[in-house]
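**Student:** Below are the sequence and a predicted model for it; my questions follow.
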Amino acid sequence: MIEYRNVCKNYGDRKIVKDLSFTVEDGQFAVLIGPSGCGKTTTLKMLNRLIQSDGGEILLDGKNINDINAEELRTHIGYVIQQIGLFPNMTVEQNITVVPRLLKWDKERCNKRVRELLALVDMDYDTYAKKYPNELSGGQQQRVGVLRALAAEPPVILMDEPFGALDPITRDALQDEVKNLQKRLHKTIIFVTHDMNEAIKMADVILFMSDGELLQKASPEEMLRAPANDTVREFMGKHVSQGVAGQDNIPCGEIMRKNVAKVSDTWRTLECVQLMSSREIDSLVVVDDSDRYLGVVTIEGIKARGKAGASVRNILETTVPTVRTDTLAKEAFATLDSTKARYLVVLDKDDRAVGIITRTSMSKALAYMVWGGDAV
Amino acid sequence: MTHLIELYGAMLVKAIFVHLAYVLVSVAAATVVALLLGVLLSRAPRIAGLVMPVISIFQTIPGIVFIGILYLYLGMVPVTAFTALAIYAIFPILKNTYAGLLGVEEKYKEAARGCGMNARQILFKVELPLAMPTIFAGIRMSTVYTVSWAVLTAMIGLGGLGEFVYRGVSTNNSTLTVIGAVPAALMAIGLGALIDLIQKKVTPRGLQEVKN
């Protein structure tokens, strides 16, 4: 377990980290996030004493890290940096075994470990072990960077924006790999990033920092649902839906399409066909004189059973599911998903057809909740 | 030609060996001193900022003056030549060692610290190996310079290929001058090539793109 107790760091008069306290449990993937200059990297580097804290204490499994020799501490904490920092004068194998060799592992044990580790990331030993970093792609280099951190089996690994320099596709792949490795090997990882997507994808717990203070510590889900304040909300920006306090509570009325093609039940079949073709749709909502919903009429229905010039009243279909404006969108989604219906008709409390929800409007609404932007 | 060989052959061979000895011993000594100084100065860039300009001014004193002065104090002994040549050979190596060490990117040092290396391990496992191509360039430069500076040792009667050059110049005998100058030039080229070869052998593949 990692515990920060009232930790401070100042550079001259500037307080970089202010009275920071939090704990990270064993096996947790903790992501430190926040705007640049918020002190997240400083917070990370204080743990392996690359930066010395000015106040408070940091405990690693109950032991104050200041009581441990800095070099010894670091050999027991894996470290991955953004610029990768593989030693260019060493082969892949030598890079991976840097820490084991510092710990005086024998050759055989080192070699065995390299084979194990390369296998973890699907890199063939014979192909890669003797290569130098400049002979690898960026993604392979950072894989090796991660393996170097894992090599001496440290229980804790620190990662400082490790995928920042990679292209999006490689980054995505590495995020998956590291997340899998972390779960499989049950490592405690502290990970710094400024990318909310990355944080949401990787984290068990997100620690949001701003101006040297911890604003919120929560699971990704919780942070999205209930950002602690405006700074957090703003930073997460598009990740948070407008219905912040409850994405669950969005009613159908908010996501429905309102321009419904409605006709009265006194309309005749040919008129309906005409309207459908002019609006390039294949069904119409049929209402009575007081705008109450009766059913729908479809082009197939007219073709099969309609007589030219007859009223549509006789060929109404009432199988289309209906929902109320205050029905929760997620129920509507379930309905749409479980039936074969292509859309739902939305009725208000007076049974008037006020909108429809199509699969398209549903996916737009989902996209809006997930990524933000303009609603339906 | 045979006449020349008869006349100067043995003397030339001896001169070449003496010259070579001057170069090798002084460059070797200079390398040791320069590496030590370079490492120390790189640990204290503020002091280096004061020391390096002073040394570079010192470097502009003509070799002939320096050898002359040293001769007054130490006399006509080989130590005078070795000392003078070694001192001159230090600077290019020192400058490159210092620049090479400072040029090691911070990310490597941070990664090394993060791995748990102590200062000494970082120096020997990371900084010096990464600075090696630059250091080698300095050694090469020093060696080539020293071959030509060693010509000056003849001025204080300490032999070497300079003897031919001086005698040739003072007696207006261009043959003698050439007999001294050509082996010196060939020696400079040969030693330069030898150092390149050693460097290529000892530089790991991962660093070989770095050309200085």
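**Tutor:** Great, that's in hand.
**Student:** longest helix anywhere in chain A?
**Tutor:** When chain A is parsed with DSSP state H, its longest helix is helix A:168-185.
**Student:** show me what contacts the residue in the stretch 101-250 of chain A that chain B sits nearest to?
**Tutor:** Closest to chain B within the stretch 101-250 of chain A is A:Tyr132: 2.9 Å, counting by C-beta to the nearest C-beta. Just so you know, the C-beta spots here come from the backbone N, C-alpha and C atoms, and that holds for glycine as well. When contacts are counted by C-beta atoms under 8 Å, 6 or more residues apart in numbering or on different chains, A:Tyr132 touches A:Pro88, A:Met90, A:Thr91, A:Val92, B:Pro204, B:Arg205, B:Gly206.
**Student:** again, 6 Å this time
**Tutor:** A:Tyr132 makes contacts with A:Thr91, B:Arg205, B:Gly206, as judged by C-beta atoms under 6 Å, 6 or more residues apart in numbering or on different chains.
**Student:** Looking at these, which is nearest B:Pro45?
**Tutor:** When the contacts of A:Tyr132 are compared for distance to B:Pro45 (C-beta to C-beta), B:Gly206 wins out at 26.9 Å.
**Student:** which residues sit against the helix or strand of chain B with the lowest mean pLDDT?
**Tutor:** The helix or strand of chain B with the poorest confidence is helix B:63-74; it has a mean of 82 (mean pLDDT, DSSP states H and E). Residues from elsewhere that reach helix B:63-74 (C-beta under 6 Å, 6+ apart): B:Thr80, B:Ala84, B:Trp149, B:Leu152, B:Ile156.
**Student:** same check, this time on stretch B:20-35
**Tutor:** Residues contacting stretch B:20-35 (C-beta under 6 Å, 6+ apart): B:81-82, B:85-86, B:89-90, B:93-94, B:97, B:139, B:142-143, B:146-147, B:150, B:160.
**Student:** Could you report the pLDDT at the residue nearest to A:Ile81 when sequence neighbours are not counted?
**Tutor:** Distances taken as C-beta to C-beta, 6 or more residues apart in numbering or on different chains put A:Asp160 closest to A:Ile81, at 5.1 Å, once the chain neighbours are dropped. A:Asp160 carries a pLDDT score of 95 in this model.
**Student:** In contact with A:Asp160, which residues?
**Tutor:** By C-beta under 6 Å, 6+ apart, the neighbours of A:Asp160 are A:Thr41, A:Leu44, A:Ile81, A:Gln82, A:Val192.
**Student:** buried residues in stretch B:147-167?
**Tutor:** B:147-156, B:158-166 (16 or more other C-beta atoms under 10 Å in any protein chain shown).
**Student:** Next: stretch A:106-121.
**Tutor:** So stretch A:106-121, judged by 16+ other C-beta under 10 Å, has buried residues A:Cys110, A:Asn111, A:Arg113, A:Val114, A:Leu117, A:Leu118, A:Leu120, A:Val121.
**Student:** out of those, who's near chain B?
**Tutor:** Among the buried residues of stretch A:106-121, no residue lies close to chain B (C-beta under 6 Å from any C-beta of the partner chain).
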